[in-house]
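Trainee: here is my input, please return the structure:
(2 chains)
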Amino acid sequence: MKESTDFLYPFIEGDETDAGSLLVDLAKSAEEKWAVSTELRVATLTRCDEQLRTIAGLMAERFVAGGRLFAFGNGGSATDADGVAQLYTRPPSGRALPSRSLVEDRAVITALGNDVGYDKIFSRQIIAHARAGDMALGYSTSGNSENLLVAFAEATKRGLLTIGFAGIDGGRMGVDPNVEHCVIVRSQSVHRVQESQASATHVLWAYVQEALASAIRV
Amino acid sequence: MTEIAAVAEDMGRASLALARRFNSGATMWCTSPSWPFHASHVAVEFVHPVIVGKRALAAVTVPIGADVVATLRANVRPGDIVVALAGSDDPQVTDAMRRGEAWGVETVWIGAGSDRPASGSADHVIWLDTDDPLEASECFVRIYHLLWELTHVVFEHPGLLKDVAQDVVCTEEVCITCSDEGRLTEVVSVEGDEAVVRALGVEERIDVSLIDPPRPGDLVLVHAGFAIR
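Mentor: Residues are numbered from 1 along each chain as shown, chains lettered A, B, ... in the order given. Predicted coordinates for the structure are as follows:
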């Protein structure tokens, strides 16, 4: 017996068989989300432009003085850290710069996670590798990842330049004095945050290259 | 920034196919020899959803530096998915994609650049025109985020999850899948005029006397027990 409200939920019985209208909806949804991402990208890059220029200038000074960049993050943000290391060391153009992702060595990550705790997987590597003059760059969409905050505290103690990429409202990273420069992508969507973080990462890299080029000319 | 209109429909069709495959138990294999971090990002996206309550889906990254074809050949099962992010000149991805039919996997090739892969190189080609590597990289992140989001939209339509491709069976006198062109298979071993080939995970012995002697790993077309090309 058909309920009179069936028209409200036409496919609730799972008897939908024509994918045509769904395909139209999917394409439309993709276009709408793409437009939202583009808007957020423009807004973020406009709002953060001066901040990114400032950070790039400080990074360029450190690179010139022999500083190295250490990137880290969890999950999708870990892949951002890997991407940063690849972009700086094997750039599509410009100067190759010393950079490493602290999530790349699985033996180290699992050893530290197992033996001293997941909250210390990045800080312990900073203790082992970093020197004053180096740089710490951490990615988190929430801004609340415990192991990033622990790593930033250690980095600050050791005289590193500390840079955070966060989302939503910046979370704890946005207000932590150990994150000297926090670039915040203001969106509630994790996906859209990561997309604009990728754009800001590329702009920051381009500004570093520009700053290095002018430093060499001077 | 690149416009989406050109690939929105491709993404919709790919998402429908992914949802159907996942619903039938597929594992999704992700590879990107040039940008391994993108492949890792795709896999973590599907395994560990950013939205609480969404299904965790089986996705895995082909290890960095691994032989892509060898890794996939040993691991994929018919019905699986292979997603590659690569330029059209990537030799490993090109080779893996053309074996998709013999392996019985759904192939998705995401890339960018004025040089597109040839038509039919993969089941789904999601291609952007830009030659700017950083712009392309940003678009890739959007594309796989959207593929994940749209795949979960399709899950809300259970009536459309039936995998149409799996309905094709040879019950007619003239097989509709191999009547004219034959079936694509991968050579496992060769002994004189005979060879063992594998397609869709099943091995069979065939006659190779009609073609130049193949080597293990070659793709050959089989019709009625004979390799014809």
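Trainee: for A:A60, what are its contacts?
Mentor: A:V208, A:A211, A:L212, A:A215 (C-beta atoms under 8 Å, 6 or more residues apart in numbering or on different chains). Where you see a C-beta, it was placed from the backbone N, CA and C, and this is true even at glycine.
Trainee: neighbour-wise, which of those residues leads?
Mentor: Neighbour counts for these (other C-beta atoms under 10 Å in any protein chain shown) peak at A:V208, which has 25 neighbours.
Trainee: check which helix or strand covers that one.
Mentor: According to DSSP states H and E, A:V208 maps onto helix A:190-217.
Trainee: just A:R53 next, same as before
Mentor: Per DSSP H and E: helix A:20-64 holds A:R53.
Trainee: the helix holding A:V208 vs chain B: in contact?
Mentor: Yes - on the criterion C-beta under 8 Å from any C-beta of the partner chain, helix A:190-217 is in touch with chain B at A:V190, A:H191, A:Q194, A:E195, A:A198, A:S199, A:H202, A:A206.
Trainee: next: stretch A:111-119.
Mentor: No - using C-beta under 8 Å from any C-beta, stretch A:111-119 stays clear of chain B, coming no nearer than 14.9 Å.
Trainee: show me what contacts the residue most central in space within chain A?
Mentor: Taking C-alpha atoms, centre = their mean, the centroid of chain A lies closest to A:Y139, which sits 3.9 Å from it. For A:Y139, the contact set (C-beta under 8 Å, 6+ apart) comprises A:A71, A:F72, A:G73, A:S77, A:A78, A:D80, A:A81, A:L148, A:G164, A:F165, A:Q197.
Trainee: state the number of residues packed around the closest residue to B:E9 other than its chain neighbours.
Mentor: With C-beta to C-beta, 6 or more residues apart in numbering or on different chains as the criterion, B:E9 has its nearest non-adjacent residue at 4.7 Å, and that residue is A:A27. Residues near A:A27, counting by other C-beta under 10 Å, number 21.
Trainee: so A:A27 makes contact with B:G12?
Mentor: Yes - using C-beta atoms under 8 Å, A:A27 makes contact with B:G12 at a distance of 4.3 Å.
Trainee: thinking again about what came up before, ok, the residue nearest to B:E9 - contacts?
Mentor: A:A27 neighbours (C-beta under 8 Å, 6+ apart): B:A8, B:E9, B:M11, B:G12.
Trainee: switch the cut-off to 7 Å
Mentor: B:A8, B:E9, B:G12 (C-beta atoms under 7 Å, 6 or more residues apart in numbering or on different chains).
Trainee: tell me how far the first one lies from B:H157.
Mentor: Read that as B:A8. Using C-beta to C-beta, to the nearest Å, B:A8 is found at 18 Å from B:H157.
Trainee: out of the contacts of A:Y139, which end up buried?
Mentor: A:A71, A:F72, A:G73, A:S77, A:A78, A:D80, A:A81, A:L148, A:G164, A:F165, A:Q197 (16 or more other C-beta atoms under 10 Å in any protein chain shown).
Trainee: most widely separated two among the contacts of A:A60?
Mentor: With distances taken as C-beta to C-beta, the most widely separated pair in those is A:V208 and A:A215, at 10.3 Å.
Trainee: and the worst-scoring helix or strand of chain A on mean pLDDT, what does it pack onto?
Mentor: Here the helix or strand of chain A ranked lowest by mean pLDDT, DSSP states H and E is helix A:190-217, holding a mean of 94. Contact partners of helix A:190-217 among helices and strands, from 3 or more C-beta pairs under 7 Å, 6 or more residues apart in numbering or on different chains; DSSP states H and E: helix A:20-64, helix A:76-89, strand A:161-167, strand A:181-185, helix B:133-154.
Trainee: out of these, which one sits most buried?
Mentor: By mean neighbour count, with neighbours taken as mean count of other C-beta atoms under 10 Å in any protein chain shown, strand A:161-167 ranks first of the helices and strands packed on helix A:190-217 at a mean of 26.
Trainee: mind giving me the packing neighbours of that one?
Mentor: Other elements packing on strand A:161-167 under the criterion 3+ C-beta pairs under 7 Å, 6+ apart are helix A:20-64, strand A:135-139, helix A:146-157, helix A:171-175, strand A:181-185, helix A:190-217.
Trainee: now do 6 Å
Mentor: Where contact means 3 or more C-beta pairs under 6 Å, 6 or more residues apart in numbering or on different chains; DSSP states H and E, strand A:161-167 is packed against helix A:20-64, strand A:135-139, helix A:146-157, helix A:171-175, strand A:181-185.
Trainee: still on that earlier bit, which pair in the contacts of A:Y139 spans the largest distance?
Mentor: Longest span within the contacts of A:Y139, C-beta to C-beta: A:A78 and A:G164, 14.9 Å.
Trainee: domain ranges for chain B?
Mentor: B:5-164, B:183-227 (automatic domain parsing).
Trainee: just for the chain, where's the confidence low?
Mentor: Using chain A. A:1-15, A:216-218 (pLDDT under 70).
Trainee: think we crossed wires, I meant chain B
Mentor: Low-confidence segments of chain B (pLDDT under 70): B:1, B:163-181.
Trainee: one more time with 90, if that's ok
Mentor: B:1-6, B:49-53, B:118-120, B:162-182, B:229 (pLDDT under 90).
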